[in-house]
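Student: Sharing a model prediction with you, sequence too.
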Number of protein chains: 2
Amino acid sequence: MPELRKDPITERWVIISSERGKRPSDWTLEPKSRAGGFCPFCPGNEDKTPPEVRAIRPGTDQKNVPGWKIRVVPNKFPALQIEGELNRRGEGLYDLMNGIGAHEVIIETPNHLAELSDLDVEHIYDTLLIYRERILDLKNDTRFKYILIFKNHGASAGASLEHSHSQLIATPIIPKRVLEELQGVKKHFEFKERCIYCDILHQEMQMTKRLVVHTEDYVAMEPFAPRFPFETWLLPVKHYSHFESMELREYYGLAVVLKETLSRINRTLENPHYNFILHTSPVQEAPLMEYHWHLEIIPKLTKVAGFEWGSGFYINPTPPEMAAQHLREAQI
Amino acid sequence: MPELRKDPITERWVIISSERGKRPSDWTLEPKSRAGGFCPFCPGNEDKTPPEVRAIRPGTDQKNVPGWKIRVVPNKFPALQIEGELNRRGEGLYDLMNGIGAHEVIIETPNHLAELSDLDVEHIYDTLLIYRERILDLKNDTRFKYILIFKNHGASAGASLEHSHSQLIATPIIPKRVLEELQGVKKHFEFKERCIYCDILHQEMQMTKRLVVHTEDYVAMEPFAPRFPFETWLLPVKHYSHFESMELREYYGLAVVLKETLSRINRTLENPHYNFILHTSPVQEAPLMEYHWHLEIIPKLTKVAGFEWGSGFYINPTPPEMAAQHLREAQI
C-alpha cells in the first residue's frame, strides 16, 4: 500500500511508494527502450491495460476492443490505490495515511502519431467532456477531496509513453499548490469582494500585451509573473470555480481555444514537450465566489529547474510580454 | 534592469530578465559546445570573469592572478543587479520592483576536474567559511533580506559550467519556500514552544532508520516526507537559526559530514548530478528560537519534475528508509 506522508514543516503531502520502492540501480541504469516499439495504448492492445472504465466507441457496446475514439483505463502502475481505508495516523511527530485514491489514464486518440493539438475540435471537445464526466463520477466517492487532471507530453515533460494521453489522480488531500491558490484568492476576496482571476482578466483584456488568444468566452494569456518561459494560462471569461460545472456547450469554445493555443506554442517553439495542469476547486466544495478554474500550460524549455525546487525562487529569462507577442504572431 | 514581479495569487516573487530576453530561437536551437573546451574558472583565465571580490590565495596579495585556492567573483550574467534603487511600484493590480541584488560565484578549487567531495576536509572547511564571510559582508547592505547559497552540480542540475562552483544570490525579498518554512515552524513553536527541527532531530536519532551520517555535532538524514528520491538533509545538532552565526570551529565538523554525505551519495548513485540549497534565516532577523538552518541535497534522478511544478504534488518512488539504508551501507 502506498503511503501519503505530510512534511511537518511545510504541510506538503507526498506519495511514497513503500511497497515496491525503486533501488539505487533503478536510477543509475539506463532505461531500456521498448521492445519492438510496442504501445499498450494502440488499438488491438486493449488487453494490455486494465479493463476500461469508460470509452467513446461509436457503433458498438462491446468493451476493451478496437473501434474506440477515446478510452479511459486505470493506470497499470497506480500512484494511489482505490481499495481500502485512509487510516490516518501518527508516527511520533509525523502524520501519514494510506495512499488511497484513483489514478486513471485518458487515451485521447487511437492514432499513435497524433497529438492533442492535431485532433479536430470535435475530438478535443469530446476529450474535455470525458474529463468532466470522470470528475462527476469520482466526486461521488467522498473520500476524494481533489481531482487533479494533467498531461505530460514528451519524455522531458515526464511522459513514459509517447501515445497521446492525459492523467487523472483523485486524492484524499488537497495538493499544496491548490491550497496556496485558495488562500491567495481568499485574501483578495476579503479585501475587494471580487474574484482575483476576474480582476486579472479585466486588466489583461484592457492592456492586451500579454494576451495570446481571446474569444468571447475564453482568454489564453501569459501571466504577469510566470515561473517559466512561455508559461500560458487559459481561463473562461465567465466566473466558474469548478471546471466540471459549466454548461456542455461551453466546453466547445474551450476546445477551440485550447487547440489554437497549443498550435501557437507548437509553431513558435517547434513542438516542445509540455505539461498542462487543470487548476479547479476541490470537488466536495460548493461553488466558490473567489476561485476561478484555469488551465496552466508549461512548455519544458529550461533543461532543469535546478535550485528552484528547493528555494521556490524562479528566474525567467523570457518576459511574458515578449512570449505573448511571439505566440500571437505565429502563423498557424 | 531585471524586474522582480509578484504573482498576485500565490505571492511568489520571480525574476524576469526584461532587458535581454530569450527569444523562441534561444530555446529551440541546440546549445553550442564551448570552443576548445575553454573554462573561464580555470587558473590563467582570471581576466575572463569580473574582478574577484574575495579569494584565498596563499603567499601573495595580488588579485586576479593564478595561485588561488578558492575565488569569489560576481556572476558575469547576473540575475539581479547590485546598483540602483528598488523602486517598488504597481501596474494595475500587480506589484513589481527593480531587480536589485547580488549574484556571486564561489569557485571552489582551481582544479577543473575535482568536485566538492573530492576536496580534502580543510579545503571544504575553507569553502564553508567563505560562504559565511560573504553572508556577513552582504548583510551590511540592508536592501538585502535574504541570501541564498546553492550549488548546481552537473548539466542536468542546471550547471552551465563544469568547473566546481557554488552560487550566492542576495535578494530584496524572502523566497517563498523560506517564508513557508518560517510560517510552518512558527505554528509548531506556538503550539509546543520548541523548535520543530530540534524535535525532528530528537525523534530521528532515536528511530535511526532514516539517518545517513551522525556525529556529535551534525546529522545527515532522509526526511520523513521527501519530495525526491534520496533527498537528504544535513542539520547541526545544536540549535542555530542562522548559518553564519556559528563558531568558526563548528564549520569544520560540517565539512567532515558534508564530505562524507556527498561521498555516500556519489558512491550509491554513481556520481549523480545534484543541487544543494542552504536553508537559513533571513539575514536581517535576530536569532530565531523556532528556525534551524539546514542544507538540502537533492540528487537529480528523475528525468523531470513533470506536473509536480504545477500542482505541488510529489510522487516519490523510493521510501526514505530504503534510501538511508543504501547510503549508510555504501563503501566509501
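Tutor: Noted; the coordinates are in hand. Numbers count the residues shown, from 1 in each chain, chains lettered A, B, ... in the order given.

Student: confidence score at A:His273?
Tutor: Per-residue confidence (pLDDT) for A:His273: 93.

Student: What of the one 3 residues further on?
Tutor: The predicted local confidence for A:Phe276 comes out at a pLDDT of 95.

Student: Residues in a beta bridge with it, which ones?
Tutor: Beta bridges link A:Phe276 to A:Lys151, A:Ile297, judged by DSSP bridges.

Student: Can you give me the distance of A:Ile106 to chain B?
Tutor: Using Cβ to the nearest Cβ, to the nearest Å, A:Ile106 is found at 14 Å from chain B. (Each C-beta comes from the backbone N, C-alpha and C, glycine too.)

Student: which residues of the stretch 1-150 of chain A fall in helices?
Tutor: In the stretch 1-150 of chain A, the helices defined using DSSP state H, counting those that start in this stretch lie at A:24-28, A:121-138.

Student: and the longest one, anywhere near chain B?
Tutor: When you say that, I think you mean helix A:121-138. No: judged by Cβ under 8 Å from any Cβ of the partner chain, helix A:121-138 stays clear of chain B, getting no closer than 14.7 Å.

Student: one step back: switch the helices of the stretch 1-150 of chain A over to CSV; also include mean pLDDT, distance to B:Asp118 and mean neighbour count.
Tutor: Shown next, in CSV, are the helices of the stretch 1-150 of chain A (pLDDT from 0 to 100; distance: least, Cβ to Cβ, whole Å; neighbours: other Cβ atoms under 10 Å in any protein chain shown):
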stretch, mean pLDDT, distance to B:Asp118, mean neighbour count
helix A:24-28, 78, 20, 16
helix A:121-138, 98, 51, 18
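
Student: Just send these back as CSV, with distance to A:Pro226 too.
Tutor: Below are the helices of the stretch 1-150 of chain A laid out as CSV (distance: least, Cβ to Cβ, whole Å):
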stretch, distance to A:Pro226
helix A:24-28, 31
helix A:121-138, 24
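
Student: By mean pLDDT, flag the weakest helix or strand of chain A.
Tutor: When each helix and strand of chain A is scored by mean pLDDT, DSSP states H and E, helix A:308-311 comes last, with a mean of 72.

Student: same question for the helix or strand that that one is followed by, mean pLDDT?
Tutor: Remark: after helix A:308-311, the chain's next helix or strand is strand A:314-316, criterion DSSP states H and E. Strand A:314-316 carries an average pLDDT of 89.

Student: Pull up the pairing partners for strand A:314-316, direction included.
Tutor: strand B:13-16 (parallel).

Student: quick one: contacts of the partner strand?
Tutor: Strand B:13-16 has contacts (Cβ atoms under 8 Å, 6 or more residues apart in numbering or on different chains) with A:225-227, A:313-316, A:319-320, B:2-7, B:79-80, B:99, B:171, B:173, B:175-176.

Student: thinking again about what came up before, of all the helices of the stretch 1-150 of chain A, which one comes closest to B:Gly84?
Tutor: Proximity to B:Gly84 (Cβ to Cβ) singles out helix A:24-28 among the helices of the stretch 1-150 of chain A, at 44.5 Å.

Student: and chain A, what are its domains?
Tutor: Using automatic domain parsing, the domain parsing of chain A gives A:3-175, A:177-329.

Student: ok so, going back, which members of the contacts of strand B:13-16 are positioned in strands?
Tutor: Residues from those lying in strands, with DSSP state E as the criterion: A:Tyr314, A:Ile315, A:Asn316, B:Glu3, B:Leu4, B:Arg5, B:Lys6, B:Thr171.

Student: buried ones in stretch A:12-21?
Tutor: Neighbour counts over stretch A:12-21 (16 or more other Cβ atoms under 10 Å in any protein chain shown) mark A:Arg12, A:Trp13, A:Val14, A:Ile15, A:Ile16, A:Ser17, A:Ser18, A:Gly21 as buried.

Student: would TSV of the residues you listed with distance to B:Pro66 and pLDDT be doable?
Tutor: Compiled in TSV, these are given as follows (distance: Cβ to Cβ, whole Å; pLDDT from 0 to 100):
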residue	distance to B:Pro66	pLDDT
A:Arg12	46	91
A:Trp13	51	93
A:Val14	47	92
A:Ile15	51	93
A:Ile16	49	93
A:Ser17	50	83
A:Ser18	52	69
A:Gly21	48	71
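
Student: Can I get those in JSON lines including distance to A:Thr142?
Tutor: Below are those laid out as JSON lines (distance: Cβ to Cβ, whole Å):
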{"residue": "A:Arg12", "distance to A:Thr142": "23"}
{"residue": "A:Trp13", "distance to A:Thr142": "18"}
{"residue": "A:Val14", "distance to A:Thr142": "23"}
{"residue": "A:Ile15", "distance to A:Thr142": "20"}
{"residue": "A:Ile16", "distance to A:Thr142": "24"}
{"residue": "A:Ser17", "distance to A:Thr142": "25"}
{"residue": "A:Ser18", "distance to A:Thr142": "25"}
{"residue": "A:Gly21", "distance to A:Thr142": "31"}
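
Student: Can you name the two of the residues you listed that sit furthest apart?
Tutor: Greatest spatial distance among those (Cβ to Cβ): A:Arg12 and A:Gly21, at 19.9 Å.

Student: Could you report the neighbour count for the closest residue in space to A:Pro272 that isn't next to it in sequence?
Tutor: Nearest non-adjacent residue to A:Pro272, counting by Cβ to Cβ, 6 or more residues apart in numbering or on different chains: A:Pro299, 4.2 Å away. Neighbour count for A:Pro299, taken as other Cβ atoms under 10 Å in any protein chain shown: 26.

Student: tell me the phi and psi of A:Pro299?
Tutor: Main-chain torsions, A:Pro299, degrees, to the nearest 10: phi -60, psi 140.

Student: OK, contacts around it?
Tutor: So, once contact is read as Cβ under 8 Å, 6+ apart, A:Pro299 ends up touching A:Phe228, A:Pro229, A:Phe230, A:Glu231, A:Ile265, A:Leu269, A:Pro272, A:His273, A:Tyr274.

Student: Just put those in CSV and tack on distance to B:Pro43, neighbour count and secondary structure.
Tutor: Output for these, formatted as CSV (distance: Cβ to Cβ, whole Å; neighbours: other Cβ atoms under 10 Å in any protein chain shown; DSSP: H, G, I helix; E, B strand; the rest coil):
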residue, distance to B:Pro43, neighbour count, secondary structure
A:Phe228, 37, 24, coil
A:Pro229, 35, 26, coil
A:Phe230, 40, 28, coil
A:Glu231, 41, 24, coil
A:Ile265, 45, 26, helix
A:Leu269, 40, 23, helix
A:Pro272, 40, 21, coil
A:His273, 40, 19, coil
A:Tyr274, 43, 25, strand
